[in-house]
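**Student:** Structure here, sequence nowhere to be found:
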């Protein structure tokens with residue numbers, strides 16, 4: 001058995017708990033569970049377990065820091081976007097937007113840019129939500145937008161083409177922006193058989 005000297009940093013421990021909450025999709029009140037408190041007492045008796053409010057703040061800080069890193073990584077990248085919408089069992093409409101790009105090391109990257117509620121599944125509403133997200137992230141370098149075959153997505157793409165038509169980074173007047181999801185096409189084909 002080898003004994004190794006290890007330093008203790010309260011801030012690093014709190015940050016690690018925040019990352020655990022995020023990665024394992026745990027509720028903020030997880031830190032108030034007796035099992036977690038007992039574990040922490042054994043691992044590091046000096047560690048003062050933060051409240052769920054402090055953990056919430058730590059997670060928010062991690063999010064803000066990671067978002068800034070991602071904004072820097074996206075700068076000057078040509079992005080392919082993917083979006084989809086659905087309605088929950090509570091009858092609430094949601095949308096996500098994912099960016100895909102190849103970095104200077106030829107690595108394929110994929111990151112979720114937005115997950116939000118939308119009022120309807122109408123094309124213009126979805127287009128406005130995407131536009132809002134692009135402006136928030138300062139993204140103006142779009143190559144394609146992949147959507148399913150819902151007819152409202154034709155209006156989404158039409159809206160996006162219109163609002164990005166004057167962007168100096170658009171390619172061929174965005175004529176090839178619209179990409180239809182292959183999986184939806186195949187499933188639709190087999191559904192019709």
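**Tutor:** Done, it's in. Not measured: the values here are computed from a predicted model.
**Student:** Quick check: closest non-adjacent residue to the spatially most central residue of the chain.
**Tutor:** The chain has residue 112 as the residue nearest its centroid, 2.4 Å off, counting by Cα atoms, centre = their mean. Distances taken as Cβ to Cβ, 6 or more residues apart in numbering place residue 98 nearest to residue 112, at 5.2 Å, with adjacent residues excluded. All C-beta spots, glycine's among them, are computed from the backbone N, C-alpha and C.
**Student:** ok now the helix or strand where residue 116 lies, how far from the chain's centre?
**Tutor:** Using DSSP states H and E, residue 116 sits in strand 108-117. In terms of Cα atoms, centre = their mean, to the nearest Å, the centre of strand 108-117 is set 3 Å apart from its chain centre.
**Student:** And the helix or strand just after that strand, what does it pack against?
**Tutor:** Where DSSP H and E defines the elements, the next helix or strand beyond strand 108-117 is helix 123-137. Under the contact definition 3 or more Cβ pairs under 8 Å, 6 or more residues apart in numbering; DSSP states H and E, helix 123-137 sits against strand 79-87, strand 93-102, strand 108-117, helix 152-164.
**Student:** For residue 69, find the nearest of these.
**Tutor:** Closest to residue 69 of the helices and strands packed on helix 123-137 is strand 108-117 (Cβ to Cβ; 10.4 Å).
**Student:** Show the average pLDDT along the closest one.
**Tutor:** Mean per-residue pLDDT for strand 108-117: 93.
**Student:** what's in contact with it?
**Tutor:** 70, 73, 81, 92-103, 129, 133, 137, 139 (Cβ atoms under 8 Å, 6 or more residues apart in numbering).
**Student:** quick revisit: out of the helices and strands packed on helix 123-137, which is closest to residue 48?
**Tutor:** Taking Cβ to Cβ, strand 108-117 is the member of the helices and strands packed on helix 123-137 nearest to residue 48, at 33.1 Å.
**Student:** What pairs with the closest one, parallel or antiparallel?
**Tutor:** strand 93-102 (antiparallel) (DSSP bridges).
**Student:** Specify the angle between the strand it pairs with and strand 79-87 in degrees.
**Tutor:** Orientation of strand 93-102 against strand 79-87 (axes from the mean of the first three to the mean of the last three Cα atoms, to 10 degrees) gives an angle of 160 degrees.
**Student:** buried ones in strand 93-102?
**Tutor:** Across strand 93-102, burial judged by 16 or more other Cβ atoms under 10 Å covers 93, 95, 97-101.
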